[in-house]
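Enquirer: Here is my input, please return the structure:
(one chain, ligands or ions: 1)
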Amino acid sequence: MTFKTINNMDLNGKTVLLRVDLNVPVQDGKVTDTTRIDRAKPTIDALREKGAKIAVLAHFGRPKGAVNPEFSLSFLPPVLTSSWGCDVAFASDCIGDAAKDAISALAPGDVVLLENVRFHKGEEGNDAAFTKALAKLGDVFINDAFSAAHRAHASTEGLAHFLPCAAGLLMEAELNALQNALEKPQNPVMAVVGGAKISTKLSVLENLVQKVDYLFLGGGMANTFLFAQGQPVGMSLCEKDMAEEAKAISQKAEAAGCKIILPTDRIAVREFGENVPFEVIAAADIADDQEAVDIGPQTITNIDALLATCKTVLWNGPMGVFEVKPFDKGTNGVAESVAKYTKSGQMISVAGGGDTVAALENAGVADDFTYISTAGGAFLEWLEGKTLPGVAALMQPSKAA
Ligand code: AMP
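Expert: This next block holds a predicted model:
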């Protein structure tokens, strides 16, 4: 690890600007999933124990650089208080007198949430004047928002150039998990990639085939690869215009020694819906009026056997239309295999991006994976092999705190 962590930092009495991801789902003014808030708690606890004064920086929605009450964070302090187990004050701006006054009222161990950083244009513009106005408020910058690290914004990247900086505990855990799974993994490595389309994950697939031993493709994107091989796909979701791209990825995989594995059997329906009649068919036997909505039992068994030989698994995307039962069975079956081998200690498993967390939670095995990232875009960009600006900024030679 070449980035600094908070572990050996003396933060007693210091004001920490802590960037976290509080971009939580909200319906009718209520937070419907507190996962992101809960995941910040270990860092909050550690900073409070160290006697830091904590000013929390976060964004919410896309107010596009203007004050907009619809995107105010003012509703969050009670939710933060109940998750973090400490009082959380609120400042009506993240810079200027409102922020300064709220921070000067903090005692060591106290926490204040500053208003949405995206109310200022300088946040997304990573503007130096805005970043300086933020930096003036604190002594140290701690970034715990891996999920926002693919953006070079003032509070995710810029601040690292103005203040001593370090990764928070969640950021540290994310980076360790991703490095263990992709940068220096134990072989053999299998990537399990599903989801709707290959067009949204071309760069991910291109990078993965250079790095992993096996790439198992499920979900709708498997149809495009089957189609590219000349197999029928019936009415299935299939990006026929991406067949050339699928072929190019297959060639890259072959050159890199990566074996691409496609489903050998499918769950096919004629009319889509909850608990509609379905058939288990060999992949090549799909009829013109059928749609493949999941991988079949033989594929699950074959993947289980191959997983038994693997030491590392990376997972993104569901194997079928998991939102509609029983078409979650393919995702659940493969997830259960990964969970089984992870629990027995023979495998490191890291999953994340988009619908993956929901799919693995639905499978009831999310807790049995080595690490599940709640980051969407940042996780995918990491899988693409991109350097994330927020992470790169933490890697720079650190100024002493
Ligand atoms: P993504 O965001 O690309 O990971 O795609 C997730 C979506 O892919 C989910 O909403 C699934 O319902 C959908 N999906 C998975 N398998 C299929 C399939 N065989 N046909 C159509 N959609 C699928």
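
Enquirer: does the ligand sit close to stretch 223-241?
Expert: Yes. For stretch 223-241 and the ligand, the contact criterion (C-beta under 6 Å from any ligand atom) is met by Leu237. In short, each C-beta sits where N, CA and C put it, glycine included.

Enquirer: Adjust the sequence numbering to begin at 44 for everything that follows.
Expert: All right, first residue 44 from here; so that's stretch 266-284.

Enquirer: Now do the end-to-end distance for that stretch.
Expert: In stretch 266-284, first residue to last residue: 12 Å (C-alpha to C-alpha, to the nearest Å).

Enquirer: near the ligand, which residues of the stretch 194-343 of the chain?
Expert: For the stretch 194-343 of the chain, the residues in contact with the ligand (C-beta under 6 Å from any ligand atom) are Gly237, Gly238, Ala239, Lys240, Thr243, Gly262, Gly263, Leu280, Ala335, Val336.

Enquirer: so what's the closest residue to His163 other than its chain neighbours up against?
Expert: Leaving aside its chain neighbours, His163 sits nearest to Phe173 (5.5 Å; criterion: C-beta to C-beta, 6 or more residues apart in numbering). Contact analysis of Phe173 by C-beta atoms under 8 Å, 6 or more residues apart in numbering lists Ile138, His163, Lys164, Gly165, Glu166, Ala197, Gly201.

Enquirer: Please tell me how far the first one sits from the ligand.
Expert: Summarising the geometry, the distance separating Ile138 from the ligand, computed by C-beta to the nearest ligand atom, to the nearest Å, is 36 Å.

Enquirer: what number of residues lie near Glu226?
Expert: Neighbour count for Glu226, taken as other C-beta atoms under 10 Å: 11.

Enquirer: gap between it and Val434?
Expert: 12 Å (C-beta to C-beta, to the nearest Å).

Enquirer: same question, Gly104
Expert: In terms of C-beta to C-beta, Gly104 sits 24 Å off from Val434.

Enquirer: Compare those two and say which is more crowded by neighbours.
Expert: Higher neighbour count among Gly104 and Val434: Val434, with 24 against 14, using other C-beta under 10 Å.

Enquirer: Which helix or strand contains that one?
Expert: Secondary structure from DSSP states H and E places Val434 in helix 432-438.

Enquirer: now for that helix, which elements pack on it?
Expert: Helices and strands touching helix 432-438, by 3 or more C-beta pairs under 8 Å, 6 or more residues apart in numbering; DSSP states H and E, are strand 183-186, strand 208-210, helix 212-221.

Enquirer: will you turn the ones you listed into TSV that also has mean neighbour count?
Expert: Converted to TSV, these look like this (neighbours: other C-beta atoms under 10 Å):
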stretch	mean neighbour count
strand 183-186	28
strand 208-210	25
helix 212-221	22
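
Enquirer: Mind checking these for the one nearest to Ile80?
Expert: Among the helices and strands packed on helix 432-438, the nearest to Ile80 by C-beta to C-beta is helix 212-221 (11.3 Å).

Enquirer: From the rest of the structure, what touches that closest one?
Expert: Residues contacting helix 212-221 (C-beta under 8 Å, 6+ apart): 44, 46, 48-49, 63, 82-83, 85-86, 89, 186-189, 192, 210, 393, 413-414, 416, 418, 422, 425, 434, 437.

Enquirer: For the ligand, what's its nearest residue on the protein.
Expert: Closest to the ligand within the chain is Gly238: 2.5 Å, counting by C-beta to the nearest ligand atom.

Enquirer: Tell me the secondary structure at that residue.
Expert: coil (DSSP: H, G, I helix; E, B strand; the rest coil).

Enquirer: And it, how far from Val364?
Expert: Relative to Val364, and taking C-beta to C-beta, Gly238 is found at 11 Å.

Enquirer: so where's the stretch 294-443 of the chain uncertain?
Expert: For the stretch 294-443 of the chain, applying pLDDT under 70 flags the ranges 439-443.

Enquirer: In the stretch 44-193 of the chain, where is pLDDT below threshold?
Expert: For the stretch 44-193 of the chain (pLDDT under 70), the answer is 44.

Enquirer: Repeat the analysis, applying 90 as the threshold.
Expert: For the stretch 44-193 of the chain, the stretches with pLDDT under 90 are 44-46, 51, 71-72, 76, 78.

Enquirer: So which residues of it form strands?
Expert: Along the stretch 44-193 of the chain, counting by DSSP state E, counting those that start in this stretch, strands occupy 58-62, 69-70, 73-74, 96-100, 131-134, 154-157, 183-186.

Enquirer: just the stretch 344-444 of the chain next, same as before
Expert: All strands of the stretch 344-444 of the chain, identified by DSSP E, counting those that start in this stretch, fall at 355-359, 391-395, 414-416.

Enquirer: can you redo the ones you listed as CSV with mean neighbour count and distance to the ligand?
Expert: What follows is the strands of the stretch 344-444 of the chain, written out as CSV (neighbours: other C-beta atoms under 10 Å; distance: least, C-beta to the nearest ligand atom, whole Å):
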stretch, mean neighbour count, distance to the ligand
strand 355-359, 26, 7
strand 391-395, 26, 11
strand 414-416, 21, 14
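
Enquirer: would TSV of those strands with distance to Ala378 be doable?
Expert: Shown next, in TSV, are the strands of the stretch 344-444 of the chain (distance: least, C-beta to C-beta, whole Å):
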stretch	distance to Ala378
strand 355-359	8
strand 391-395	8
strand 414-416	11
